[in-house]
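Student: After the sequence you'll find the predicted model.
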Amino acid sequence: DVLVNGPYEVWLDRGNGLVASDVRFEDEPAVRRLAQRLAVAAGRRLDDASPFVDAVLPDGTRLHAVLPPIALHTTLCLRVLGRRRFALGDLVDLGTVHPDAAHILRSIIQARLAFVVTGGTGTGKTTVLSALVQECSPSDRVVLIEDAREIGSSHPHVVSLVTRAPNVEGAGAIGAADLVRQALRMRPDRIVVGELRGAETFTLVAALNTGHDGGAATLHANTPDDVPARFAALGASAGLDRFAADAQVASAFDVVLHLRRDARGHRQLAAIAVVEPGSAGLVVRPAWTSGQGQAVTSTPGAAERLCARLRERGVDPPPALAAPDLR
């Protein structure tokens, strides 16, 4: 992340927290000119009539800028995409994914269970999703739908679709929901959405409920317990009541993979949870959790439920689930 708070204050985050930079601009107009040039490169406008912009640059860098008087100084935020693509084995070596969890994740992919990767901002959701796409069978045709091309993958059969923002006249927008509908006509084996944030959520849910197994997405949620509320909010934006949203999500998604980021900036797969319908609505129950470097299964019945789903798809559960060791 590159954060510009006016001409004399620039901050960088290379993955270990924000640090002040020595970079300085000549004056306030210099920052404004840079922000406007970047907005033009993204096909957007930034001026007194449109004093803020949220866009994606041609190389995939996320751009957000705000002009005075909305902000005290011209404020510029850039999120630069990482160039390195991590495989699941790399994440195990880095300590992001416990070895036991890696076996469970491979079983989930093999069984074609639908899953959603959750966590807060900067927890590594896209990195984990990208690694899991690489674990899909080489014979699978994977259709990726993103706002920016972030899910780099070495998988041999990937079709990448990217949304398009409106032009300066406000026309020509193509949203993720439009692309999910197009993906259904492209003979996909798996549909993967980079981030669920709007109407595309229940377009994808509908697809997963009509025979498209093995789909995946990411979703912002601070804890696994927050996932039902996040889906309920997205359902409300799509005109669904809580009961209808919960029922559709419980039928569409099998597993939640939750990531967290500790105070030192270390990212870790914290929980693998099963999605179930409950008497009071959608329930997310951890079948495996990570704590202090050890694998710990939790919530009676959740691990057994995940094992049952794997067996239904002809996949033998890994030892970490089939013979849980409660510590």
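Tutor: Perfect, I can see it now.
Student: can you tell me how far Arg24 sits from Phe115?
Tutor: For Arg24, the distance to Phe115 equals 45 Å [C-beta to C-beta, to the nearest Å]. In this view, the C-beta of every residue, glycine as well, is placed from N, C-alpha and C.
Student: More neighbours: which of the two?
Tutor: Between Arg24 and Phe115, Phe115 has the larger neighbour count (other C-beta atoms under 10 Å), namely 22 against 11.
Student: ok, the closest residue to the more buried one other than its chain neighbours to Thr74 distance?
Tutor: Once flanking residues are discounted, Phe115 sits nearest to Val255: 4.1 Å by C-beta to C-beta, 6 or more residues apart in numbering. According to C-beta to C-beta, Val255 and Thr74 sit 43 Å apart.
Student: Quick one: low-confidence residue ranges for the stretch 101-250 of the chain.
Tutor: Within the stretch 101-250 of the chain, the ranges that satisfy pLDDT under 70 run 168.
Student: where along it do the helices fall?
Tutor: 125-134, 176-183, 200-208, 227-237, 242-252 (DSSP state H, counting those that start in this stretch).
Student: Mind putting these into TSV with distance to Arg305 and mean neighbour count?
Tutor: Formatted as TSV, those follow (distance: least, C-beta to C-beta, whole Å; neighbours: other C-beta atoms under 10 Å):
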stretch	distance to Arg305	mean neighbour count
helix 125-134	21	23
helix 176-183	28	20
helix 200-208	18	24
helix 227-237	16	19
helix 242-252	12	19
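Student: and those helices as TSV, adding distance to Gly15?
Tutor: Shown next, in TSV, are the helices of the stretch 101-250 of the chain (distance: least, C-beta to C-beta, whole Å):
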stretch	distance to Gly15
helix 125-134	11
helix 176-183	27
helix 200-208	29
helix 227-237	25
helix 242-252	32
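Student: So which of those helices is nearest Gln36?
Tutor: Of all the helices of the stretch 101-250 of the chain, it is helix 176-183 that lies closest to Gln36, at 27.4 Å by C-beta to C-beta.
Student: got the angle for that closest one vs helix 200-208?
Tutor: With axes from the mean of the first three to the mean of the last three C-alpha atoms, to 10 degrees as the basis, helix 176-183 and helix 200-208 are set at 20 degrees to each other.
Student: Can you pull up the most central residue in the protein?
Tutor: By C-alpha atoms, centre = their mean, the mean C-alpha position of the chain lies nearest to Thr218, the distance being 2.9 Å.
Student: Please name the nearest non-neighbouring residue to that residue.
Tutor: Counting by C-beta to C-beta, 6+ apart, Thr218 lies nearest to Lys125, which is 4.1 Å off, once chain neighbours are set aside.
Student: do Pro166 as well
Tutor: Nearest one to Pro166, counting by C-beta to C-beta, 6+ apart, is Ala173 at 4.1 Å.
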